[in-house]
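Visitor: only the shape, not the letters, is given here:
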């Protein structure tokens, strides 16, 4: 199965796509030094960094949608999926490998986005104590989004539009209006892990809504999303025509 994960990962991580999506993911790395350069007091660096990565970091969700949603969709659209079906893989292993490859691809973008915030933070005097914990936001979010968007990309031909609706409407608008929907937000669940690890002030976690900061609770929720995503994709692979 390792070879299948590697194949799906390499096919997804094309050079041009990787550059463009890394730039999209790195919006916080650009905004953070600009805000600091505007005259922010050094004592406020931690709170400002947290506010930037949790607010502007939504662009990473779109990048994760594009890269993880195409893991199986491209195989299906190019007509190569039946050849994978010919290999001695069960549908469960294929689903697990696909979600793993999607999570690895999205995590690559997330780590790149975080690393760029670390680098630009150093330019304005924000050391690793300020920016280092940001990785606990991007990587959990990458895994959670892959569990949602890999099955979405296989099930729907217009998966990008549906995914954008989830990110732009569901996570950024409806979750504020309807508190209960915040519990279904991958980004807010990941924020709860980051808020617990970084231990920043209450003003920086306003976007959490009804979700309390907590690494254990956040990891448990993401694990449940991961299990459901693999289960849904396994069912879809068994029920739907590979073509």
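Guide: Ah, there it is. Remember, it's a predicted structure, so these values are computed and weren't measured experimentally.
Visitor: skipping its backbone neighbours, what lies nearest residue 172 in space?
Guide: Ranked by CB to CB, 6 or more residues apart in numbering and with sequence neighbours excluded, the top spatial neighbour of residue 172 is residue 58, at 6.3 Å. In short, each C-beta sits where N, CA and C put it, glycine included.
Visitor: give the contact list for that neighbour.
Guide: For residue 58, the contact set (CB atoms under 8 Å, 6 or more residues apart in numbering) comprises 167, 171-172, 187.
Visitor: where is pLDDT lowest across the residues you listed?
Guide: Within the set of these, pLDDT is lowest for residue 172 (74).
Visitor: just give me the neighbour total for that one.
Guide: A count of nearby residues for residue 172, using other CB atoms under 10 Å, gives 16.
Visitor: distance of it from residue 54?
Guide: For residue 172, the distance to residue 54 (CB to CB, to the nearest Å) stands at 12 Å.
Visitor: adding distance to residue 22 and secondary structure, write the contacts of residue 58 out as TSV.
Guide: As requested, the contacts of residue 58 are exported to TSV (distance: CB to CB, whole Å; DSSP: H, G, I helix; E, B strand; the rest coil):
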residue	distance to residue 22	secondary structure
167	18	helix
171	21	helix
172	22	helix
187	19	helix
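Visitor: buried subset of those?
Guide: 167, 171-172, 187 (16 or more other CB atoms under 10 Å).
Visitor: can you find the helix or strand in the protein with the smallest mean pLDDT?
Guide: In the chain, no helix or strand scores lower on mean pLDDT, DSSP states H and E than helix 175-177, which sits at a mean of 65.
Visitor: most centrally placed residue in the protein?
Guide: Nearest to the mean C-alpha position of the chain, counting by CA atoms, centre = their mean, stands residue 142 at 2.8 Å.
Visitor: can you give me the helices in this protein?
Guide: 2-12, 15-25, 27-37, 45-55, 58-77, 81-85, 91-123, 128-131, 135-155, 159-164, 175-177, 186-198, 215-239 (DSSP state H).
Visitor: and these, which one is worst for confidence?
Guide: Minimum mean pLDDT among these: helix 175-177, a mean of 65.
Visitor: what's next to stretch 143-154, contact-wise?
Guide: Outside stretch 143-154, the residues that touch it by CB under 8 Å, 6+ apart are 61, 64-65, 68-73, 76, 98-99, 102-103, 105-107, 159, 162-163, 166, 186, 189-190, 222, 225-226, 228-230, 232-233, 236-237, 240.
Visitor: how close does residue 143 sit to residue 235?
Guide: Here the criterion is CB to CB. By it, residue 143 lies 20 Å from residue 235.
Visitor: skipping adjacent residues, who's closest to residue 24 in space?
Guide: According to CB to CB, 6+ apart, the nearest residue to residue 24 is residue 63 (4.7 Å).
Visitor: and if you look at residue 12?
Guide: residue 105 (4.8 Å).
Visitor: residue 191 against residue 54, yeah?
Guide: Yes. Using CB atoms under 8 Å, residue 191 is in contact with residue 54, at 5.4 Å.
Visitor: among these two, which residue is more densely surrounded?
Guide: residue 191 (29 against 25).
Visitor: count the residues that sit near residue 118.
Guide: Quick note: residue 118 (other CB under 10 Å) scores 17 neighbours.
Visitor: repeat for the one 10 residues further on
Guide: For residue 128, the neighbour count with other CB under 10 Å is 11.
Visitor: for the closest residue in space to it that isn't next to it in sequence, give me its contacts.
Guide: The shortest distance from residue 128 to any non-neighbouring residue, by CB to CB, 6+ apart, is to residue 118 (6.7 Å). Counting by CB under 8 Å, 6+ apart, residue 118 makes contact with 128, 131-132, 134.
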